[in-house]
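[1] Turn this into a model:
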Amino acid sequence: MSTEKKPCCPHCGDSMKKWKTPTDSSWETDYQWVCFNDQCTYFVRGWDWMMDQQGVKASYRHRMNPRSGVSGPLPVWSYDAHKDHILED
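    All right, here's what the predicted structure looks like:
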């Protein structure tokens, strides 16, 4: 079992999960912390915001770089998008 402390999402308070960074990304880390709570307000509100502002059926999840602590959105096109890259303990 990992002893690394999982950060909590600032939008819903749930523990974030390790998510394997895609090999073709520009992120310099092997993983990112991502909130995969489907009831997270950031994720839920994102669907309407993306449709209203961009005209696309998409949302985003809260993401944090473990090395720098910088956070931002991880774009998603469905509720299951990116869940196949979750790294379980």
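
[2] ok, which stretches of this protein are strands?
    Secondary structure of the chain (DSSP state E): strands located at 17-20, 31-34, 59-64, 71-76.

[3] possible to save those as JSON lines with mean pLDDT?
    Converted to JSON lines, the strands of the chain look like this (pLDDT from 0 to 100):
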{"stretch": "strand 17-20", "mean pLDDT": "97"}
{"stretch": "strand 31-34", "mean pLDDT": "97"}
{"stretch": "strand 59-64", "mean pLDDT": "98"}
{"stretch": "strand 71-76", "mean pLDDT": "96"}
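
[4] possible to save those strands as a markdown table with distance to Lys6 and mean neighbour count?
    From N, CA and C alone the C-beta is placed, and that goes for glycine too. Shown next, in a markdown table, are the strands of the chain (distance: least, C-beta to C-beta, whole Å; neighbours: other C-beta atoms under 10 Å):
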| stretch | distance to Lys6 | mean neighbour count |
| --- | --- | --- |
| strand 17-20 | 7 | 18 |
| strand 31-34 | 7 | 21 |
| strand 59-64 | 11 | 22 |
| strand 71-76 | 14 | 16 |
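
[5] Low-confidence stretches in the chain?
    Where the chain drops to pLDDT under 70, the residues are 1-3.
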